[in-house]
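>>> Can you look at this prediction? I've put the sequence above it.
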Amino acid sequence: MYKNAKRFTAIFLLVFLLVVSINFAAIAQDTSDVPSVNPRICSAPPTLRTERVIADNVRNQVKMGDRIRVRVEGLSLAATSATPQSSSFDPRQLVLYLNGYQLEDIHGEPISVMVQGKDQKKILDDNWLAFRLERTDSSQTVWNALLGGTTKPSINAIVGVGCPGKVAIPVSDFQSPPQLKIVLFSWRFWLCLLLVIAIVLIFIRYGRDSLRSAGIEGVYSQKEVIDGEEKLITKELKVKKNPRFGVAKIFLGSKEENRNPFSLSISQLAFWTFLIFASYLIIYGVTGDYTNIFTGQSLILLGINSVTAFGASLLDGHGNEKKRKGSQGISKGFLNDILSDINGVNFQRFQTFMWTVAIGVFFVWEVIKNLAMPEFDDTLLTLQGISSATYLGLRGQEQHGMLNKPIEESTSEEENSSAKQVIPEQNNLQESDLSRNSN
């Protein structure tokens, strides 16, 4: 079990470092700071019109994190001329609008673009603004409304610009407004999804035994009725390996019997670890944002389950071979193992399992709906903490079937007792032989 856990950890680190290096190499792009904007009130001239939008790849198809360029008719003239308030217009005050929603903190940067003139010659056009499609703290709600809950691989968005807190500047052609296709399932999303699937499959193949109880391998306790009294009888059973065939052999390896049962606390910790890890990668794969994903509540939830697993390991005497308890029984299947102790299914385990599934379903639904980890209510986190504390408190009262003496000592005592029984027989034989010889 420990060899498989070490092997899984090594493979996990290698795959994780490889994919992360590829991701961050791909997103190593221009992240220059947005120019400082004059805090005075924005006032766009009424002659401005949003005319066209293109991406840096000169296409109308982009993904989150890419940069787009928007042509605003009359922008260059408005920036160099005076307004009635005797103050120049700063184009960097304008923000991006998608489908009429204002994206705060995504300000435009004036740029010049080479375009084809009337005489088929390239000319320099100064009526362009550059925006980066990034999700910030202030624009996260708008992005969630635009992207969350859709099952389509891409969405079409009408692009506009305008002053913060006001309506967008009118478009030059109302019949054909500037539109942009935002691809959600890009190569970045598929790469992150592939990483999640690979980690899950590797864990199932090499690391699933790390979810088992910390009992002594090969030592099990079974209930038997002796002389009308129910007693715990400790037995030693060897692990049996039965071959699997086909796809099951590739992903599950050989089938092992007489193994330790699976642990509820460790399985619960693994569940939330993989769920939060997968959610982080999927959200990043869609949005390209890797800094505004985790929430304080999700980290608290992971911490509660970590403390629960740690407390259960202390109760089981993990690390002490002679006093290690765990759940000394034979594995009867994952679901039966995590809901049962040596006496069968008990309520504290079922309660913990029930709330873990309920909160997990809510967590997944919020990630799919809003492309963001949910903000859990404090009452819900308190309920999860109470459930874990109840499990730990009653976990210490569960019957484990521990021996009063280690197995090595009991076996050695049996050998000594058998030896003592043999010695008198040999002495009796020697005395009988002497009596015959004397006769």
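Received it, and whenever you're ready, just let me know what you need. Numbers count the residues shown, from 1 in each chain.
>>> what's the helix or strand for Ser387?
Assigned by DSSP states H and E, Ser387 belongs to helix 378-395.
>>> Output that helix as CSV, restricted to C-alpha atoms.
This file holds the C-alpha atoms of helix 378-395, laid out as CSV (Å, rounded to 0.1, in the frame of the first residue of the first chain):
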residue,chain,number,x,y,z
ASP,A,378,-21.2,30.5,7.8
THR,A,379,-24.1,28.4,9.1
LEU,A,380,-23.4,25.7,6.5
LEU,A,381,-19.7,25.6,7.4
THR,A,382,-20.7,25.4,11.1
LEU,A,383,-23.0,22.5,10.3
GLN,A,384,-20.1,20.7,8.5
GLY,A,385,-17.9,21.3,11.5
ILE,A,386,-20.5,19.9,13.9
SER,A,387,-21.0,16.8,11.7
SER,A,388,-17.2,16.2,11.7
ALA,A,389,-16.9,16.8,15.4
THR,A,390,-19.8,14.3,16.0
TYR,A,391,-18.1,11.7,13.9
LEU,A,392,-14.8,12.1,15.7
GLY,A,393,-16.4,12.0,19.1
LEU,A,394,-18.3,8.8,18.4
ARG,A,395,-15.4,7.4,16.4
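>>> What is the three-state secondary structure of Trp128?
Classification of Trp128 using DSSP: H, G, I helix; E, B strand; the rest coil returns strand.
>>> which residues touch it?
69-72, 75, 110-113 (CB atoms under 8 Å, 6 or more residues apart in numbering). C-beta: built from backbone N, CA, C; applies to glycine.
>>> what about the helices in the stretch 51-200 of the chain?
Taking DSSP state H, counting those that start in this stretch as the test, the helices found in the stretch 51-200 of the chain are 75-80, 140-147, 187-202.
>>> Can you give the distance of stretch 92-106 from its chain's centre?
When distances are taken as CA atoms, centre = their mean, to the nearest Å, stretch 92-106 is centred 31 Å away from the chain's centroid.
>>> Check the separation of the first and last residues in that stretch.
For stretch 92-106, the first-to-last residue distance is 10 Å (CA to CA, to the nearest Å).
>>> buried residues in that stretch?
For stretch 92-106, the neighbour count (16 or more other CB atoms under 10 Å) marks 92-98, 101-104, 106 as buried.
>>> pretty sure Asn292 contacts Glu134?
No - using CB atoms under 8 Å, Asn292 is not in contact with Glu134; the gap is 9.5 Å.
>>> Which of those two has more residues huddled nearby?
When neighbours are counted by other CB atoms under 10 Å, Glu134 comes out ahead of the other of Asn292 and Glu134, with 20 against 16.
>>> rewinding a little: run the chain-centre distance for the helix holding Ser387.
Centroid separation for helix 378-395 versus its chain: 22 Å, with CA atoms, centre = their mean.
>>> quick revisit: tell me which two of the buried residues of stretch 92-106 sit farthest apart.
Using CB to CB, the buried residues of stretch 92-106 reach their maximum pairwise distance at Arg92 and Tyr101, which is 20.3 Å.
>>> helices or strands up against the helix holding Ser387?
helix 264-287, helix 296-315, helix 347-370 (3 or more CB pairs under 8 Å, 6 or more residues apart in numbering; DSSP states H and E).
>>> Can you tell me which of those is packed in deepest?
helix 264-287 (a mean of 21; mean count of other CB atoms under 10 Å).
>>> what is the orientation angle of that helix with helix 347-370?
0 degrees (axes from the mean of the first three to the mean of the last three CA atoms, to 10 degrees).
>>> Which residue is the nearest non-sequential neighbour of Cys192?
Distances taken as CB to CB, 6 or more residues apart in numbering place Gly285 nearest to Cys192, at 3.5 Å, with adjacent residues excluded.
>>> Just the pLDDT at the one you found, thanks.
Note on Gly285: pLDDT of 89.
>>> list the contacts for Pro178?
Contacts of Pro178 by CB under 8 Å, 6+ apart are 50-53, 70, 158-160, 171.
>>> Turn those into TSV, including pLDDT, neighbour count and distance to Pro178.
Supplementary listing: the contacts of Pro178 in TSV, determined by pLDDT from 0 to 100; neighbours: other CB atoms under 10 Å; distance: CB to CB, whole Å:
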residue	pLDDT	neighbour count	distance to Pro178
Thr50	91	26	6
Glu51	90	18	7
Arg52	89	18	6
Val53	90	24	4
Val70	92	25	7
Ile158	90	16	7
Val159	91	22	5
Gly160	91	25	7
Val171	89	18	7
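>>> isn't Met114 right up against Asp126?
No - using CB under 8 Å as the test, Met114 is too far from Asp126 to be in contact (11.2 Å).
>>> lowest-confidence helix or strand of this protein?
helix 407-438 (a mean of 44; mean pLDDT, DSSP states H and E).
>>> just the strands in the stretch 51-200 of the chain please.
Ranges of strands within the stretch 51-200 of the chain are 61-63, 67-73, 95-98, 101-107, 109-116, 122-132, 154-162, 179-183, based on DSSP state E, counting those that start in this stretch.
>>> Can you name the residues in contact with the helix holding Ser387?
264-265, 297, 300-301, 304-305, 307-308, 311-312, 315, 346, 348-349, 351-352, 355, 359.
>>> Please list all residues in contact with the closest residue in space to Phe89 that isn't next to it in sequence.
Leaving aside its sequence neighbours, Phe89 sits nearest to Ala78 (CB to CB, 6+ apart; 4.8 Å). The contact partners of Ala78, taken as CB under 8 Å, 6+ apart, are 44-45, 47-48, 89, 91.
>>> rerun at 10 Å
44-48, 72, 88-91, 127 (CB atoms under 10 Å, 6 or more residues apart in numbering).
>>> contacting residues for the spatially most central residue of the chain?
The chain has Phe277 as the residue nearest its centroid, 1.9 Å off, counting by CA atoms, centre = their mean. When contacts are counted by CB under 10 Å, 6+ apart, Phe277 touches 16, 195-196, 199-200, 302.
>>> Next: Ser340.
Per CB under 10 Å, 6+ apart, neighbours of Ser340: 261, 264, 327, 329, 332-333, 346, 349-350, 398.
>>> is it possible to export the residues you listed to CSV including pLDDT?
Putting those into CSV (pLDDT from 0 to 100) gives the following:
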residue, pLDDT
Pro261, 83
Leu264, 86
Ser327, 56
Gly329, 70
Lys332, 82
Gly333, 82
Asn346, 80
Arg349, 84
Phe350, 87
Glu398, 62
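>>> ok, back up a step: among the contacts of Ala78, name the buried ones.
44, 48, 72, 89-91, 127.
>>> of all those residues, which two lie farthest apart?
Asp90 and Asn127 (14.9 Å).
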